[in-house]
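Novice: how would this look folded up:
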Amino acid sequence: MIWILLIIAVIGLDQITKHLVPVGTHIEIIKGFFYITYCENRGAAFSILQNFRWGFIIITIIAVAVMIRIMTTHKNTLARLSLSLLIGGALGNMIDRLFRGYVVDFFDFYPFGYDFAIFNVADVCITIGVGLLLIYIIFVYREPATGKTSAADKANKDSSESGS
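Specialist: Residues are numbered from 1 along each chain as shown. Okay, here's the model as predicted:
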């Protein structure tokens, strides 16, 4: 239940923040570094695949279905947290694509003078979710035992039984 609430909270925060930024906004928050800039993104990350709206919607539906399935089978808290952030972020951006035809982005950073991509709350949650999922996969996840024994395990078992 907590995971559903987290997904709803991510979607809600994403949608509320997008509605708070009016069209044409360009507000300097930290001079030369951080701005709130309204941007209509008709593509994916870094505006790739412009005008692939229905493709993104279909891919999002499939990805969310797969993540929900995985979430129901993995009981690990880190896995569920990462998948909740990913699902919430994906659905937040999908809502924009469905009802607006584009995704609203507004966080505009210039780290070290470089004009970084403009992004939103959903994108932040997706990025954090991917990072946590990588940590889970690399450091926590273990393949379940399949019941098959290797030749070495079988030989060790046979030698221990014959020595008794």
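
Novice: okay, strands next: where are they in this protein?
Specialist: In the chain, the strands defined using DSSP state E lie at 26-30, 34-41, 103-109.

Novice: contacting residues around the last one?
Specialist: Just to be clear, that refers to strand 103-109. For strand 103-109, contacts defined as C-beta atoms under 8 Å, 6 or more residues apart in numbering pick out 17-18, 21, 25-26, 33-42, 93, 96-97, 116-120, 122-124. In this view, the C-beta of every residue, glycine as well, is placed from N, C-alpha and C.

Novice: okay, now Thr25: neighbour count?
Specialist: Using other C-beta atoms under 10 Å, Thr25 is surrounded by 14 other residues.

Novice: who touches the residue nearest to it when sequence neighbours are not counted in this structure?
Specialist: The shortest distance from Thr25 to any non-neighbouring residue, by C-beta to C-beta, 6 or more residues apart in numbering, is to Tyr38 (4.2 Å). Residues near Tyr38 by C-beta under 8 Å, 6+ apart: 21-26, 104, 106.

Novice: what sits against Asp14?
Specialist: 88-89, 92-93, 120-122, 125.

Novice: next step: these restricted to helices.
Specialist: Secondary structure from DSSP state H places 88-89, 92-93, 121-122, 125 of the contacts of Asp14 in helices.

Novice: follow-up on the earlier one: relative to Ala9, which of the strands of the chain is closest?
Specialist: Nearest to Ala9, of all the strands of the chain, is strand 103-109, at 18.4 Å by C-beta to C-beta.

Novice: now the closest one - C-alpha only, PDB.
Specialist: In PDB, the C-alpha atoms belonging to strand 103-109 read as follows (Å, rounded to 0.1, in the frame of the first residue of the first chain):
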ATOM      1  CA  VAL A 103       5.900  17.000 -21.600                       C
ATOM      2  CA  VAL A 104       6.400  20.200 -19.600                       C
ATOM      3  CA  ASP A 105       9.900  20.700 -18.400                       C
ATOM      4  CA  PHE A 106      11.200  23.600 -16.200                       C
ATOM      5  CA  PHE A 107      14.300  22.800 -14.200                       C
ATOM      6  CA  ASP A 108      17.000  24.600 -16.200                       C
ATOM      7  CA  PHE A 109      20.600  24.200 -15.000                       C
END
